[in-house]
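1. predicted structure and sequence below. I'll ask about it afterward.
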Amino acid sequence: ACRYKIASIPGDGIGIEVVEQTIKVLRAIEAVFNSFTLDIDTLDWSSKRYLEKGEYIPADGWQRLKASDAILFGAVGSPEVPDDVSLWNLILPLRKKLNQYINLRPIRILPGLSSPLKNCANGDLDWVIVRENSEGEYAGQGGTTHDDTPNTIANEVAVFTRVGIERTMRFAFEVARERPRRKLTMVTKSNAQRYGMVLWDKIFYEVAKEYPDVETDKMLVDAMAVRMVLKPNTLDTIVATNLHGDILSDLAAALAGSIGVASSSSLDPTRQNPSLFEPIHGSAPDIAGLGIANPVGTFWSAAEMLRWLGECAAADLLLRAIETVTANGAKTKDLGGMYNLAQVTEAVIVEVKRSFDAGKKIKS
Ligand code: NAD
Ligand code: MN
């Protein structure tokens with residue numbers, strides 16, 4: 001039987017709550033399949049730890065992560081720590097040092113959920129956003145001069161490399177090719193940003209030549225935001241820079257019902273490092289501790305993690321269980337429902353067991 005080492009980093013706020021519930025769901029999946037083992041190592045890397053010890057990631061942290069097969073992450077961010085400090089000391093170093101240069105964000109309207117858009121049926125919004133995850137506007141380059149004077153200048157430098165763009169484009173074309181519509185829309189802002197974004201456009205069309213079976217399409221990011229709202233069914237796979245992909249995928253999740261349902265996979269496609277799976281939402285201090293956070297985005301991330309590990313039957317079963325549960329109306333408040341976090345979890349666990357047993361009956 002396969003053994004997978006999972007590093008679990010719940011982080012802060014509702015990250016802690018949703019990861020705790022997701023581990024219960026994973027344990028249920030592990031029990032019904034009984035064909036693989038999950039060794040889950042829970043790491044207390046959080047803003048609480050930072051406030052106590054001055055660091056998020058301990059000295060032996062990287063070693064522990066490198067020894068794992070995948071990372072399940074909650075969220076980081078606390079009202080007591082500036083957001084740029086928490087992001088740049090935990091989640092961004094993880095993505096960078098582990099060479100997770102792709103961020104994959106599938107989004108669709110799950111059964112039983114509805115879009116805030118008028119006239120948007122469930123099948124009208126079914127997208128995969130491929131976000132570049134290592135450079136661009138989040139390269140971390142820049143600085144300030146003339147600090148604390150009226151003439152302060154802050155430079156936020158976006159860095160784009162041919163290597164970084166090409167590997168992202170190839171990944172996006174591969175994703176698009178596997179989807180029924182075989183359509184890839186590339187997003188830039190190459191009218192205003194003349195260097196990096198023009199290079200993105202150029203490399204997109206170069207790589208497109210290797211994928212004649214994929215239909216291509218190019219958008220400026222502002223017009224793209226409008227198109228996502230007005231004509232969602234004209235889009236399928238989307239490739240965008242780090243910042244644009246971040247913003248558009250939050251919008252996409254909201255259009256699909258709630259930011260609480262969407263998953264995000266930070267992948268090292270070379271598989272030399274563990275990949276990281278997390279919901280797209282943050283630590284939501286406004287609802288932390290209330291037990292009402294929507295766990296679906298983290299469940300969906302756990303399904304993507306199982307798929308990445310090669311446990312596709314388990315991943316499919318979990319995704320179908322989530323869909324059955326939302327279809328049956330077991331929804332948290334953000335989706336207009338009455339269930340709390342623990343009740344949604346329980347409903348998913350019951351459905352995991354029920355559908356596994358039902359599948360066994362059909363086979364025998
Ligand atoms: P957020 O995603 O935490 O919250 C935005 C809004 O959505 C809030 O009203 C929140 O209550 C709601 N929401 C989010 N997730 C939900 C869920 N699962 N169920 C129900 N409602 C949910 O974004 P924010 O408020 O901009 O940021 C809060 C903190 O999280 C900040 O410190 C920020 O830096 C951090 N953050 C971290 C990550 C990450 O760890 N990857 C991502 C985004 C934001
Ligand atoms: Mn975001």
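-> That came through, no problem. Ligands and ions are numbered 1, 2, ... in the order given.
2. please count neighbours and contacts with C-alpha atoms only from this point.
-> OK.
3. quick one: residue 129 is in a helix?
-> No. Per DSSP: H, G, I helix; E, B strand; the rest coil, residue 129 lies outside any helix segment and is strand.
4. so, in contact with ligand 1 or not, the helix ranked longest in the chain?
-> Using DSSP state H, we find that the single longest helix of the chain is helix 341-363. No. Applying Cα under 6 Å from any ligand atom, one finds helix 341-363 separated from ligand 1 by no less than 8.7 Å.
5. now could you export just the CA positions of that helix as PDB?
-> Extracted as PDB, the C-alpha positions of helix 341-363 are listed here (Å, rounded to 0.1, in the frame of the first residue of the first chain):
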ATOM      1  CA  LEU A 341     -18.600  24.100   9.300                       C
ATOM      2  CA  ALA A 342     -18.900  20.900  11.300                       C
ATOM      3  CA  GLN A 343     -22.300  20.000   9.800                       C
ATOM      4  CA  VAL A 344     -21.100  20.400   6.300                       C
ATOM      5  CA  THR A 345     -18.100  18.200   7.100                       C
ATOM      6  CA  GLU A 346     -20.300  15.500   8.700                       C
ATOM      7  CA  ALA A 347     -22.500  15.500   5.600                       C
ATOM      8  CA  VAL A 348     -19.500  15.000   3.300                       C
ATOM      9  CA  ILE A 349     -18.200  12.200   5.500                       C
ATOM     10  CA  VAL A 350     -21.500  10.500   5.400                       C
ATOM     11  CA  GLU A 351     -21.700  10.800   1.700                       C
ATOM     12  CA  VAL A 352     -18.200   9.500   1.200                       C
ATOM     13  CA  LYS A 353     -19.100   6.400   3.000                       C
ATOM     14  CA  ARG A 354     -22.500   6.000   1.400                       C
ATOM     15  CA  SER A 355     -21.200   6.400  -2.200                       C
ATOM     16  CA  PHE A 356     -18.200   4.200  -1.600                       C
ATOM     17  CA  ASP A 357     -20.500   1.400  -0.300                       C
ATOM     18  CA  ALA A 358     -22.900   2.000  -3.200                       C
ATOM     19  CA  GLY A 359     -20.000   1.700  -5.700                       C
ATOM     20  CA  LYS A 360     -19.000  -1.600  -4.100                       C
ATOM     21  CA  LYS A 361     -22.500  -3.000  -4.400                       C
ATOM     22  CA  ILE A 362     -22.600  -2.200  -8.100                       C
ATOM     23  CA  LYS A 363     -19.300  -4.000  -8.700                       C
END
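6. for that helix, what is the average pLDDT?
-> Mean pLDDT, helix 341-363: 93.
7. chain center to it: distance?
-> Chain-centre distance of helix 341-363: 24 Å, with Cα atoms, centre = their mean, to the nearest Å.
8. in stretch 214-233, what counts as buried?
-> Buried residues in stretch 214-233, counted by 16 or more other Cα atoms under 10 Å: 214, 216, 218, 219, 221, 224, 225, 228, 229, 232, 233.
9. pretty sure residue 289 sits against residue 14.
-> Yes. The pair residue 289 and residue 14 qualifies as a contact (Cα atoms under 8 Å) at a distance of 6.9 Å.
10. can you map out the helices along the stretch 51-200 of the chain?
-> Per DSSP state H, counting those that start in this stretch, the stretch 51-200 of the chain carries helices over the ranges 61-66, 83-86, 92-97, 162-178, 196-208.
11. how about the most centrally placed residue in the chain, what does it touch?
-> The residue lying closest to the centre of the chain (Cα atoms, centre = their mean) is residue 264, at 0.9 Å. Contact analysis of residue 264 by Cα atoms under 8 Å, 6 or more residues apart in numbering lists 103, 104, 105, 106, 277, 278, 279, 280, 301.
12. quick check, nearest of those residues to ligand 1?
-> Nearest to ligand 1 among the contacts of residue 264 is residue 280, at 6.0 Å by Cα to the nearest ligand atom.
13. quick one: the closest one from residue 253, how far?
-> Separation of residue 280 from residue 253 (Cα to Cα, to the nearest Å): 9 Å.
14. same check, this time on residue 130
-> Separation of residue 130 from residue 253 (Cα to Cα): 14 Å.
15. again with residue 120
-> Counting by Cα to Cα - residue 120 and residue 253 are separated by 14 Å.
16. spatially nearest residue to residue 296 (excluding sequence neighbours)?
-> Spatial nearest neighbour of residue 296, excluding adjacent residues (Cα to Cα, 6 or more residues apart in numbering): residue 261 at 4.9 Å.
17. give me the pLDDT value at the one you found.
-> With respect to pLDDT, residue 261 has a value of 97.
18. picking that back up, the more surrounded of residue 289 and residue 14?
-> More crowded of residue 289 and residue 14, by other Cα atoms under 10 Å: residue 14, with 29 against 13.
19. show me what contacts that one?
-> Applying Cα under 8 Å, 6+ apart to residue 14 gives the contacts 74, 75, 282, 283, 284, 285, 287, 288, 289, 293.
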